[in-house]
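S.K.: got a predicted structure here, sequence first:
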Amino acid sequence: MTDVSISDFTYQYPKSETKVLNDLNLTFKHNHFSLLSGPSGSGKSTLLYFIAGLYPRFIGNDATGTIKFGDTNIKDIPRNHVSNHVAMMFQNPNQQFAMDTVIHELTFVLENIQTQPDQMDKIIDHALTFCGIEKLRDRIINTLSGGEKQRVALSCIVAMDAPVIVLDEPFASIDPDSRIDLIHKLKELQEKHGKTIILADHDLGNYQGVIDEFYYLDPQTHHIDLLNQAESQHFFDNFESTQTIDKQLALPPKNDKNSVIELRHFKLAPHDSLLLQLDHFNFYRQKTTLITGANGIGKSTLFNALTKLLPYAGIISYDGKNIKKIKPLNYAKNVTLLFQDAENQFLNVTVKEELDLSFSNRFNQDYTHEQVEQMLTQLGMQGRDEQVVYSLSEGQKKKLQIVEMLIMNPPVLLLDEPFKGLDYKSLRLMTDFLELAKTKYGQTQIIISHQLSGLEDLIDYHAHFENQNLTYQEVI
Amino acid sequence: MENKSQASNNQHQSKWTLRNIILIALIAIFCGIIFWGIGFLYTALTVALTPIGAAPFANDILMGLWCMAGPLTGFIIRTAGSAFLGEFLGAAVEVFLGGQWGAGAFISGLVQGIGSELGFTFTGYKRYDWVSLNASIFTTVVVTFAWDMIKNGYDKFALPLLIGLFITRYISTFIFGGIVTKMIVKLLDRSNAFNL
Amino acid sequence: MNPGMKLLLVVLTALEISFTQSLIVNVILIAISFVYVMVKRMNFKTLFLLIFWPLFPALGLFVSQWLYGSDGIHFAWVLFTRIYAYVFLGATFTLTSSITDLALTLEQDFRLPSKFAYGVLAAFNLMPKIREEVQIIKTSALMRGEVFHVWSPKLYFKAILSSIQWSQNLAEAMTSHGFVEDEPRTHYRVIRITVLDWAMFAFLIIAVQVMLFFIRY
Ligand SMILES: Nc1ncnc2c1ncn2[C@@H]1O[C@H](COP(=O)(O)OP(=O)(O)OP(=O)(O)O)[C@@H](O)[C@H]1O
Ligand SMILES: Nc1ncnc2c1ncn2[C@@H]1O[C@H](COP(=O)(O)OP(=O)(O)OP(=O)(O)O)[C@@H](O)[C@H]1O
Ligand SMILES: [Mg+2]
Ligand SMILES: [Mg+2]
């Protein structure tokens, strides 16, 4: 029996005033599927890192209290045996793998836990098949899309065969179909292979009926509570009510009059295979266009072409001018990208420095300091001036990233998965801010998002990315 | 420059942790790739200087850039061998990127690595400031120059040319390995980045 | 040949020809390496680049020695061919061996602690991402109204910040994938240095010595 029991557990990050986790007492039960929810920044990742044995080793200070696997205190497990107890899957699919190809990574994993070489082929085959990625076996990991990488990460966990599996928002960048599929894979691991599963997520979609237990991390008390049937039903219902979305949209006008970015004879094939081909496509001024499409279809790559980060064939023009003829700095001031990976946006170290950089270099003076201060407060990001941006939680990074790019206030803002990791409340605030930027300051916005609910008021046009084509739709 | 840099919490254990090794390698690769990006600049300089027989100056003008990874990693991971490893790996990256040097880059990497490491060795891995940085610049220039005497036939040049090359190299190394490195370390120190 | 031995051989040979001044040996080394990479099938674009780029530094060295050197045209040719010898010797290694294999043999046969072998390997495997990252840093700076050049401290500053962050992520990920510093591991692919490797190594290194001894021009 490997219950994961946590007693009198308290943790406070060095140099921070509040306890992220305050006197926790709970038990994640053996062979159960436990969901841990809570708003962004409440401490979910922190707890999971401790359970996985990564903290305190990779952080400056220790927590008080104990974590036990069955009867064994995690502190008494020799370092090279931790993997026999617990395996972890991370929130961010990048920088997760040591080796070049999928098969090499799996071998690496098995060598680390000292599996006998003659057993390895069998285990690897099983792990790949289980995750449905036999085809990726010899692929170079760097060339996989985020969703594919997460499947590889899962296959490593399957191969390691640890009794406890800890997952930190593993589906944040995954399209809805893959998400459902992977959740069922996890269920299978629990039911057929006797695993104990602890999963953190604030997106409650698709878990109802799958999970055995629902824990909630309260951001006010920093406590974790096990919810009873009625309470968890309440959470699910609440969440459901935010999920229904069907909105009829207008199609953009057929002429080029209000277009701001035009693609002509455009062909996108930066890595050998053709991703997108468009003869005539426009993005429209002072409108918000939503782009949807499956993982790995080429959405981010399109943004990279629009920002001159990757080569393309054909012509992209901005304001009637070929973008290749516009000077880099000048173009960047007009067409600005909010990167999928928030850390790519940061150039400084602390939250204050980041905001100051935006204030001192912004392209116009539209936002006042008070206005920004108020936005941050609404987002629960106040008083974090001195915090290192890299230590923010994933959701907080996104919030800061959006705010600092709003301050820049460029005429065209491209947003790649801006709502990843945001809870519903923050999401609605963000859409309000974007709406304001559009109506008051005339901003054009193009948004890539898997997350659709909550966006209905903001979106003007919807373009779907499929079969190497981008077409405007009348529904979201 | 204060000696604040680097994580100080694990003083007792060896600094050669997995994380630090990866860190050195990553910094080296970043530097290698950034310099590789200006390969054309080097070629252009060479082409411009070849007709008057002054092509070696291209090498010496850019020397400082190529020798930046060493002092940087030496400053960030303060332990014996880190400057050497950073510089050497930085050069190895050039080999794999298909730079113009082939096996020569491995050897230059070894030589430059020894050059930047020696400066820190002479200051006993105790001080990390302007003095040790200058010591490292000095040893880098001397060691790499001695090496170019042999490898690139500098020893066959007349003394004035030789002195010209030496001074050029010293200035370049001082600017990039010294001033720019110091500015970077200052940014890092001020931002407490080492405690991330 | 075992990649570790091959690398050693290449570096030793390159080191030796740096100290010697035999034009003919340089040419022989270039020829042999050339044949070797051709046998191992190389595409012509790579070959072209391999010949094209070094032309500039090689020519530059040549001209300056020719004009100002005290040793005349012969030494100028030695330097010219030396550059190409480096390049082709290097190519025999880089074009025909994988760094993964090199890491494996360094760990298993050369007794390099596994944290060095896999730590550096993991970083090298991120090389394509790092190239993108450099591009992204520059672009993201533009979007915040700053222009970064090769000499801008802030470019390196951000590169180091990313390195710090990535090294943390990678170390955590490797740890959670069961890797523990200084602990024994099993090996799926056992790489040994065979008698044949030793024989080849000894033969080639002796051949180089003999050539350098007898061929002085
Ligand atoms: N190294 C650190 N130093 C100081 N504060 C930190 C550090 N790391 C995290 N925090 C803070 O601790 C809190 C909890 O972070 P954590 O990453 O655990 O949140 P989370 O629940 O996983 O959020 P999300 O859903 O956004 O990922 C956040 O407020 C975060 O800013
Ligand atoms: N360096 C590379 N080499 C080869 N293929 C690559 C490379 N980088 C990305 N790809 C491929 O290009 C395709 C498009 O990737 P892109 O990141 O644009 O997808 P996406 O639509 O943004 O997906 P997601 O929703 O997961 O972010 C993917 O199939 C990916 O595997
Ligand atoms: Mg988190
Ligand atoms: Mg994407």
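M.R.: Okay, I see it. Ligands and ions are numbered 1, 2, ... in the order given.
S.K.: and the helix or strand bottoming out on mean pLDDT in chain C, what does it pack onto?
M.R.: Least confident helix or strand, chain C: helix C:44-52 with a mean of 85, by mean pLDDT, DSSP states H and E. Packing partners of helix C:44-52 (3 or more C-beta pairs under 8 Å, 6 or more residues apart in numbering or on different chains; DSSP states H and E): helix C:72-94. Quick note: C-beta positions are derived from backbone N, CA and C, even for glycine.
S.K.: quick one: is the helix it packs on near chain B?
M.R.: Yes - using C-beta under 8 Å from any C-beta of the partner chain, helix C:72-94 comes into contact with chain B via C:75, C:78-79, C:82-83, C:86-91, C:93-94.
S.K.: wait, what's in contact with whichever residue of chain A sits closest to ligand 3?
M.R.: Using C-beta to the ion, the closest approach of chain A to ligand 3 is made by A:Ser45 at 3.2 Å. With contact set as C-beta atoms under 8 Å, 6 or more residues apart in numbering or on different chains, A:Ser45 has these partners: A:Gln91, A:Asp168, A:Glu169, A:Ala200, A:Ser393, A:Glu394.
S.K.: part of a strand, is it?
M.R.: No - read with DSSP: H, G, I helix; E, B strand; the rest coil, A:Ser45 is helix and lies in no strand.
S.K.: can you name the residues in contact with stretch A:180-187?
M.R.: Residues contacting stretch A:180-187 (C-beta under 8 Å, 6+ apart): A:33, A:130-132, A:150-151, A:154, A:165, A:167, A:170-171, A:174, A:197, A:199, A:206-207, A:210.
S.K.: do the same with stretch C:68-76
M.R.: Against stretch C:68-76 from outside (C-beta under 8 Å, 6+ apart): B:53, B:153, B:156-158, B:161, C:21, C:23, C:61-63, C:65-66, C:217.
S.K.: repeat that for 6 Å
M.R.: Residues outside stretch C:68-76 that contact it (C-beta atoms under 6 Å, 6 or more residues apart in numbering or on different chains) are B:Gly53, B:Lys156, B:Phe157, B:Leu161, C:Phe62, C:Gln65, C:Trp66.
S.K.: among the residues you listed, which ones are in helices?
M.R.: Judged by DSSP state H, the subset of the contacts of stretch C:68-76 located in helices is B:Leu161, C:Phe62, C:Gln65, C:Trp66.
S.K.: tabulate the residues you listed in CSV, adding columns for pLDDT and neighbour count.
M.R.: Formatted as CSV, these follow (pLDDT from 0 to 100; neighbours: other C-beta atoms under 10 Å in any protein chain shown):
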residue, pLDDT, neighbour count
B:Leu161, 90, 18
C:Phe62, 90, 24
C:Gln65, 87, 28
C:Trp66, 88, 17
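S.K.: one step back: tell me the one of the contacts of stretch C:68-76 nearest ligand 3?
M.R.: Looking across those and measuring by C-beta to the ion, the closest to ligand 3 is C:Phe62, at 59.4 Å.
S.K.: quick check, pLDDT for C:Gly4.
M.R.: What the model reports for C:Gly4 is a pLDDT of 93.
S.K.: just the residues of helix C:72-94 next to chain B: which has the poorest pLDDT?
M.R.: Ranked by pLDDT, these bottom out at C:Thr94, which has 86.
S.K.: ok, it to ligand 2 distance?
M.R.: 20 Å (C-beta to the nearest ligand atom, to the nearest Å).
S.K.: ok, how many other residues are close to that residue?
M.R.: 21 (other C-beta atoms under 10 Å in any protein chain shown).
S.K.: rewinding a little: buried ones in the least confident helix or strand of chain C?
M.R.: Buried residues in helix C:44-52, counting neighbours by 16 or more other C-beta atoms under 10 Å in any protein chain shown, are found at C:Leu50.
S.K.: repeat that for stretch A:206-214.
M.R.: Across stretch A:206-214, burial judged by 16+ other C-beta under 10 Å covers A:Asn206, A:Tyr207, A:Gln208, A:Ile211, A:Glu213, A:Phe214.
S.K.: can you pull the contacts of the first one?
M.R.: Shown here is A:Asn206, whose contacts under the criterion C-beta under 6 Å, 6+ apart are A:Ile180, A:Ile183.
S.K.: so which residues of the chain form helices?
M.R.: Let's take chain A. A:44-51, A:102-112, A:117-131, A:146-160, A:176-193, A:229-241, A:299-306, A:328-334, A:351-361, A:369-378, A:394-408, A:424-441.
S.K.: that answer is for a different chain, and I need it for chain C
M.R.: Using DSSP H, helices in chain C cover C:3-19, C:23-39, C:44-52, C:55-68, C:72-94, C:99-108, C:114-125, C:127-143, C:153-176, C:195-214.
S.K.: and the angle from the shortest one to helix C:72-94?
M.R.: Right, helix C:44-52. Orientation check (axes from the mean of the first three to the mean of the last three C-alpha atoms, to 10 degrees): helix C:44-52 against helix C:72-94 gives 150 degrees.
S.K.: which other residues reach helix C:44-52?
M.R.: By C-beta under 6 Å, 6+ apart, helix C:44-52 touches C:Ala91.
S.K.: how far does that helix sit from the chain's center?
M.R.: With C-alpha atoms, centre = their mean, to the nearest Å as the basis, helix C:44-52 stands 16 Å off its chain's centre.
S.K.: just the CA atoms of it, as PDB, please.
M.R.: The C-alpha coordinates for helix C:44-52 follow below in PDB (Å, rounded to 0.1, in the frame of the first residue of the first chain):
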ATOM      1  CA  PHE C  44      28.000  17.600 -52.000                       C
ATOM      2  CA  LYS C  45      26.700  20.700 -50.400                       C
ATOM      3  CA  THR C  46      28.500  19.900 -47.200                       C
ATOM      4  CA  LEU C  47      31.600  19.200 -49.100                       C
ATOM      5  CA  PHE C  48      31.400  22.400 -51.000                       C
ATOM      6  CA  LEU C  49      30.900  24.400 -47.700                       C
ATOM      7  CA  LEU C  50      33.800  22.500 -46.200                       C
ATOM      8  CA  ILE C  51      36.100  23.700 -49.000                       C
ATOM      9  CA  PHE C  52      34.600  27.100 -49.500                       C
END
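S.K.: between that helix and helix C:23-39, how big is the angle?
M.R.: Using the same axes, to 10 degrees: helix C:44-52 against helix C:23-39 is 170 degrees.
S.K.: hang on, the earlier thing: and the two most separated of the buried residues of stretch A:206-214?
M.R.: Taking C-beta to C-beta, the two most distant members of the buried residues of stretch A:206-214 are A:Asn206 and A:Glu213; they sit 16.2 Å apart.
S.K.: which residues does whatever residue of the stretch 301-450 of chain A ends up closest to ligand 4 contact?
M.R.: Relative to ligand 4, the nearest point of the stretch 301-450 of chain A is A:Gln340 (4.9 Å; C-beta to the ion). By C-beta under 6 Å, 6+ apart, the residues touching A:Gln340 are A:Ser300, A:Asp416, A:Glu417.
S.K.: any chance of these in CSV, plus pLDDT?
M.R.: Listed next are those as CSV, based on pLDDT from 0 to 100:
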residue, pLDDT
A:Ser300, 92
A:Asp416, 93
A:Glu417, 90
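S.K.: among the residues you listed, which one sits closest to A:Gln243?
M.R.: Taking these together and measuring to A:Gln243 by C-beta to C-beta, the closest member is A:Glu417, at 18.0 Å.
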